[in-house]
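[1] Output the structure for:
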Amino acid sequence: MLIRSRRLLIAALLALPLASPAQSPAANKPVRLIVPFPPGGNVDLSARILAPELAKELGQPVVVENKAGAGGTVGLDAVAKSAPDGTTLGIASPVNHLAAPSLYPKLPYDSIRDFTPVGLIASVPMVLVVGPSSPVKSVSELLALARSRNGAMTMASAGSGSGNHIVGELFQEATVVRFVHVPYKGSAPANTDLAGGHVDLHFDQLSSVLPLVQGGKLRPLAVTTLRRSALLPDVPTLAEAGVATFDASTTLGLVLPGKAAPELATRLNQVLDKVLAQAAVREQFARLGAEVKPGTPAEYAEFIRGEIARTAKIVKDAKITLD
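    Predicted coordinates:
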């Protein structure tokens, strides 16, 4: 009987899931995937691609929760203040995670200490666009015209400190050409005024401008990444257009609250990378103009530290302040 009992115990142990409670989200609870921006944007669309596939892999519901406000910092703060048990995940963006420490003097969280990196998700290039009535057809023509106008040309953005603004500042630094910054309350009104000829140029996410480019309402001059976009194959990169080594994009990552167990982050990273490897998921991101970025938590942590430092220098040098 004793031998039989031991055999039954061993069989029961072998039947248990390999992941311990520290390696998986709390059982029998839905997982909140917090999107710190309103529905319909690039971050929200990315979350809605991931959520159903994450749910399948985890074996529990994953619910997208939009919690917008203050440039995305309200939603990310909610992640930081949640229990680190895996039932709350957040999507971090360059603005609310990497630039926020330099932009918000009273930021309610520490972008490094209060989050546990899970992994990068995807990156979307930005596109330098002008209006259809603009006389410029290339980056070189744009720079020549800007120099002839002695800094009077206007550069729209989705708001002071937005990713659009920061990439525009990088472009000015790289070309030693200045523009008058015109901040808007979002990309949509900025692109509307650009199409109407009220401002001269704008850097915006490919996912936002693609329909306008395809409809002839905006003219693309270059993409900001080192590789051309498959959705705009005839549009050169800024590096190809003469702005050497220019490389910038909107890169999203998945984070847990701070103090989450390393084993949990590793387990969720494995799940995330498995989802990102799916052909159907990659195709959905590709339709947004995005490229998936699988990798380890350590690689994402290194990316975070490097980008926070890089962004801090841009904000300081350009004297960027929030409206």
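
[2] Tell me which stretches of this structure form strands.
    31-35, 62-66, 88-92, 115-130, 154-157, 180-183, 201-205, 219-223, 249-257, 291-292 (DSSP state E).

[3] strands paired with the longest one, and their directions?
    Looking back up the chat, that one is strand 115-130. Paired strands of strand 115-130, with direction, are strand 201-205 (antiparallel), strand 219-223 (antiparallel), strand 249-257 (antiparallel), strand 291-292 (antiparallel) (DSSP bridges).

[4] Can I get the ones you listed in JSON lines including distance to Asn191?
    All C-beta atoms are positioned from the backbone trio N, CA, C, and that covers glycine. Output for the strands paired with strand 115-130, formatted as JSON lines (distance: least, C-beta to C-beta, whole Å):
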{"stretch": "strand 201-205", "distance to Asn191": "6"}
{"stretch": "strand 219-223", "distance to Asn191": "12"}
{"stretch": "strand 249-257", "distance to Asn191": "16"}
{"stretch": "strand 291-292", "distance to Asn191": "23"}
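
[5] so which of the ones you listed gets nearest Ile314?
    The closest of the strands paired with strand 115-130 to Ile314 is strand 201-205. By C-beta to C-beta, the value is 13.1 Å.

[6] Rounded mean pLDDT for that closest one, please.
    Average pLDDT, strand 201-205: 96.

[7] Restrict it to CA atoms and write it as CSV.
    Extracted as CSV, the C-alpha positions of strand 201-205 are listed here (Å, rounded to 0.1, in the frame of the first residue of the first chain):
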residue,chain,number,x,y,z
LEU,A,201,5.8,69.7,-42.2
HIS,A,202,5.0,67.0,-39.6
PHE,A,203,6.6,63.8,-38.3
ASP,A,204,3.8,61.3,-37.6
GLN,A,205,3.4,57.5,-37.2
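
[8] now that strand, how far from the chain's geometric center?
    15 Å (C-alpha atoms, centre = their mean, to the nearest Å).

[9] Can you tell me how far the nearest residue to Pro38 once chain neighbours are set aside is from Gly197?
    The shortest distance from Pro38 to any non-neighbouring residue, by C-beta to C-beta, 6 or more residues apart in numbering, is to Ala68 (4.7 Å). Counting by C-beta to C-beta, to the nearest Å, the gap from Ala68 to Gly197 is 31 Å.

[10] Equivalent analysis for Gln270, please.
    50 Å.

[11] which of these two has more neighbours?
    More crowded of Gln270 and Gly197, by other C-beta atoms under 10 Å: Gln270, with 16 against 12.

[12] I'd like to know the predicted local confidence at the more buried one, please.
    Note on Gln270: pLDDT of 98.

[13] Start at 36, not 1
    From this message on, residue numbering opens at 36, which makes the last subject Gln305.

[14] Was I right to think Ala283 contacts Val202?
    Yes. With contact defined as C-beta atoms under 8 Å, Ala283 and Val202 form a contacting pair (4.8 Å).

[15] So Ser81 is in contact with Leu323, correct?
    Yes. Between Ser81 and Leu323 a contact is recorded at 7.2 Å, counting by C-beta under 8 Å.

[16] out of the two, which sits in the more crowded spot?
    Ser81 (24 against 19).

[17] Specify the beta-bridge partners of the residue lying closest to the more buried one once chain neighbours are set aside.
    Distances taken as C-beta to C-beta, 6+ apart place Leu287 nearest to Ser81, at 5.8 Å, with adjacent residues excluded. With DSSP bridges applied, the residues forming beta bridges to Leu287 are Ala157.

[18] contacting residues for Leu287?
    77-78, 81, 126-128, 155-158 (C-beta atoms under 8 Å, 6 or more residues apart in numbering).

[19] thinking again about what came up before, who touches both of Ala283 and Val202?
    Common contact partners of Ala283 and Val202 (C-beta under 8 Å, 6+ apart): 161, 259.

[20] these two touch, right, Phe214 and Phe238?
    No. Using C-beta under 8 Å, Phe214 is not in contact with Phe238, being 10.7 Å away.

[21] got any residues that touch both of the two?
    190, 203.

[22] neighbour-wise, which of the two wins?
    Ranked by neighbour count (other C-beta under 10 Å), Phe214 and Phe238 place Phe238 first, with 29 against 22.

[23] separation between that one and Pro143?
    28 Å.

[24] Check Ala127 too.
    15 Å.

[25] Just want to know which of those two has more residues nearby.
    A count of neighbours by other C-beta under 10 Å puts Ala127 above the other of Ala127 and Pro143, at 29 against 15.
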